[in-house]
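Novice: need a structure here:
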Amino acid sequence: MYAKEKEILKFITCGSVDDGKSTLVGRMLYDANLLNEDQLKALNKDSKKSSSKNNDEQLDFSLLTDGLQAEHEQGITIDVSYRYFETAKRKFIIADCPGHVQYTRNMATAASNTSVAIILIDAKNGVTEQTKRHFFINFLFGVTEYIIVINKMDLVHYEQNIFNKIKNDFLVFTKFITKSINLNFIPVSAVKGENIVHLSEKISFYKGDALLTTLENINISSKNTNQNLVFAIKYVARPNSDFRGFKGKISSGDIRVGQKIRVFGKQTSSIVKEIYQDNEKVTYAKQGEIICLTLHDEVDISAGDFLTHYSTTLNASNKFNADIIWLDQDDLDLNDNYIIKFYNNHSETVDIHPNYNINIKNLEQESYKDFKLNYIGNFDIEISDKVAINNYDTNQELGSFILIDKITNFTKAAGMIRKSHLVSDIIPISQNIFHSISDINNNDRAKLMKQKPSCIWFTGLSGSGKSTIANLLDKILFGLGKHSFVLDGDNLRYGLNSDLSFSREDRYENIRRIGHVAKLMTDSGLIVIASFISPDRKIRDFVKNKIFHNKNFYEIYLNVDLETCIKRDPKNLYKKAQDGKIKEFTGIDAPYDIPESPDLVLDTLNQTPEECVQQIINLLGLRNS
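Specialist: The predicted structure is shown next:
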């Protein structure tokens, strides 16, 4: 009978410079008798050479993890140092990360592949900005289990009130986190070995477990909650003409011999014939394992493809919302295009639209101004190709990416996808949906109504006069015997679009739906008057080019300055936005894209509504008599 295989816990240690991360790890390995004889000899030898901590002939435990020569010279950790050990209960992989701000990229890399984060805090300094940054980056990468280690308690005389204050400060900082996380607070002295492997008599107020015991018992939860199979092909193995295997890592789910699978994005399916793991045949493999499998059929599969269960559907999209950590000394340039590399695909950015930055001091959302080294923010991104993606919380591999400079090939940022935007131009149409064609065509309806069906699309800031002119135009068209109808944003929000919020992606969807409604109405022969702020130029162009195919569509821009609109403020919305009661309000903390080539520009500040309407009548080629 075989013994049960031990669990593997991957954890990260991070904190500000000189908080004692490397010393903590070294001390834990030493006190738990997890070092071999050669390591002990090297530790004694290196400690004698160390000039920073050996004045009293003590061992310098940080030398066990500070593996780079540059680190020894500087006395800091500048790279991610990995260590492996095991106890009677578990196997462990430690990622000891740098504390300097400029090395955040290293910490982010390690955080993406760990289950538990140890956040070190110097008892003398308390919760610092870098402490908050390290916690939040781990949070963004899906870590839910935290051990908050308050170190150097010996330097504050093991005072309970100092420990309690730091604990409370950290809890206040994280109180706005909506996702469930677990926080364990442990007071320690890494140098003295207090509460590292054994409970300390000097810290008698603490009633929990020592650090190593906590690590042995803490919950290991997978970041990946998706149970559907996603198997990314990294390499096609053809050692001879009789064998064709597909190697890769199971991103999520599991796979069995005899199971029916399909190739994502292709009308191809087959049955799993064999599964190899470490050159041995197995009948089953699960998430996280690297395997090679063969299929019963000769199918078209190459590196970069995904295999899924036959009934599984993956999202393919070229638009998504993501949190981004900027890792480069040069600022983000919104006008640049970057290479965007996913787990098994790459594309190029077409548009990067900022939504907000995160203030790391209090985790509040702030208006985007610029994006510098170590900034964290939320963006809507459009790329040149449709790729298989998923939300990061559902599938870590399909939900993460990096931005790469096209010229230098340097990594600029790391990102986590929060939501994919499946708008109509990227949603695959079901094969069971067929376009219905009426026996009465649009020209027949136009002749019956004795008018040219068209969409008159008003765009401009709130308070620019859209509703006033739209209603007056509707009245005058009615007097001319024309059949018209006004589509108003508030009215549609009551019904058709009541399920949408005012986030950027939902505003996009709001206008997309309205565009299709307007097209159906013009197909029926009506003159449609659409009155919407519609601040995003891309969605306006989408309606004009993709829905109306650049026919019978008139974009009319009401050009009124923001100051005038604020003075008018007919719905009291600007005041609410300025008071912080409305977020992402166009003109205040959200941008408005001025039309590049509108069919008509109206100046409602210097022209009367009647004069404006007359210009529209002239544009339509009608006579107002």
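Novice: low pLDDT regions in the stretch 101-250 of the chain?
Specialist: 101-106, 109, 221-227 (pLDDT under 70).
Novice: One more: the stretch 251-400 of the chain?
Specialist: 312-315.
Novice: Do a quick rundown of the strands in it.
Specialist: 254-256, 260-263, 269-277, 280-282, 284-286, 290-295, 306-309, 315-326, 339-341, 346-359, 364-366, 376-389, 400-404 (DSSP state E, counting those that start in this stretch).
Novice: Can you add distance to Ser16 and give those strands back as JSON lines?
Specialist: Placement of C-beta: from N, CA and C, glycine included. Conversion of the strands of the stretch 251-400 of the chain to JSON lines gives the following (distance: least, Cβ to Cβ, whole Å):
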{"stretch": "strand 254-256", "distance to Ser16": "41"}
{"stretch": "strand 260-263", "distance to Ser16": "48"}
{"stretch": "strand 269-277", "distance to Ser16": "42"}
{"stretch": "strand 280-282", "distance to Ser16": "45"}
{"stretch": "strand 284-286", "distance to Ser16": "38"}
{"stretch": "strand 290-295", "distance to Ser16": "36"}
{"stretch": "strand 306-309", "distance to Ser16": "40"}
{"stretch": "strand 315-326", "distance to Ser16": "18"}
{"stretch": "strand 339-341", "distance to Ser16": "31"}
{"stretch": "strand 346-359", "distance to Ser16": "18"}
{"stretch": "strand 364-366", "distance to Ser16": "22"}
{"stretch": "strand 376-389", "distance to Ser16": "17"}
{"stretch": "strand 400-404", "distance to Ser16": "25"}
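Novice: how about those in TSV, adding distance to Lys91 and mean neighbour count?
Specialist: Shown next, in TSV, are these (distance: least, Cβ to Cβ, whole Å; neighbours: other Cβ atoms under 10 Å):
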stretch	distance to Lys91	mean neighbour count
strand 254-256	22	17
strand 260-263	31	18
strand 269-277	18	16
strand 280-282	21	10
strand 284-286	17	16
strand 290-295	17	18
strand 306-309	29	23
strand 315-326	29	22
strand 339-341	31	19
strand 346-359	34	17
strand 364-366	40	13
strand 376-389	32	20
strand 400-404	25	22
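Novice: Out of those strands, which gets nearest to Lys576?
Specialist: With distances scored as Cβ to Cβ, the stretch of the strands of the stretch 251-400 of the chain nearest to Lys576 is strand 364-366 (16.9 Å).
Novice: Show me what the closest one is packed up against.
Specialist: Where contact means 3 or more Cβ pairs under 8 Å, 6 or more residues apart in numbering; DSSP states H and E, strand 364-366 is packed against strand 346-359.
Novice: how far off strand 400-404 does the strand it packs on point, in degrees?
Specialist: Orientation check (axes from the mean of the first three to the mean of the last three Cα atoms, to 10 degrees): strand 346-359 against strand 400-404 gives 100 degrees.
Novice: Name the SS class of Asn497, please.
Specialist: Classification of Asn497 using DSSP: H, G, I helix; E, B strand; the rest coil returns coil.
Novice: Select, out of the strands of the stretch 251-400 of the chain, the one closest to Asp593.
Specialist: Using Cβ to Cβ, the nearest of the strands of the stretch 251-400 of the chain to Asp593 is strand 346-359, at 10.1 Å.
Novice: Give the other helices and strands that the closest one contacts.
Specialist: Packing contacts for strand 346-359, counted by 3+ Cβ pairs under 8 Å, 6+ apart, involve strand 315-326, strand 339-341, strand 364-366, strand 376-389.
Novice: Show me the beta-bridge partners of Leu307.
Specialist: When assigned by DSSP bridges, Leu307 has beta-bridge partners Phe231, Val263.
Novice: related to what we said a few turns ago, and of the strands of the stretch 251-400 of the chain, who's closest to Ser22?
Specialist: Once those are compared by Cβ to Cβ, strand 315-326 is nearest, at 23.5 Å.
Novice: Report the distance from that closest one to the chain centre.
Specialist: Centroid separation for strand 315-326 versus its chain: 6 Å, with Cα atoms, centre = their mean, to the nearest Å.
Novice: would you put the C-alpha positions of it in CSV?
Specialist: Taking Å, rounded to 0.1, in the frame of the first residue of the first chain, the C-alpha atoms of strand 315-326 are listed here in CSV:
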residue,chain,number,x,y,z
ASN,A,315,-14.4,32.5,-25.3
ALA,A,316,-12.7,34.1,-28.2
SER,A,317,-12.4,37.8,-28.0
ASN,A,318,-10.3,40.8,-29.0
LYS,A,319,-11.7,43.1,-26.4
PHE,A,320,-11.4,42.8,-22.6
ASN,A,321,-11.1,44.7,-19.3
ALA,A,322,-7.9,44.1,-17.3
ASP,A,323,-6.0,45.2,-14.2
ILE,A,324,-2.4,46.2,-15.2
ILE,A,325,0.8,46.5,-13.2
TRP,A,326,3.3,48.8,-15.0
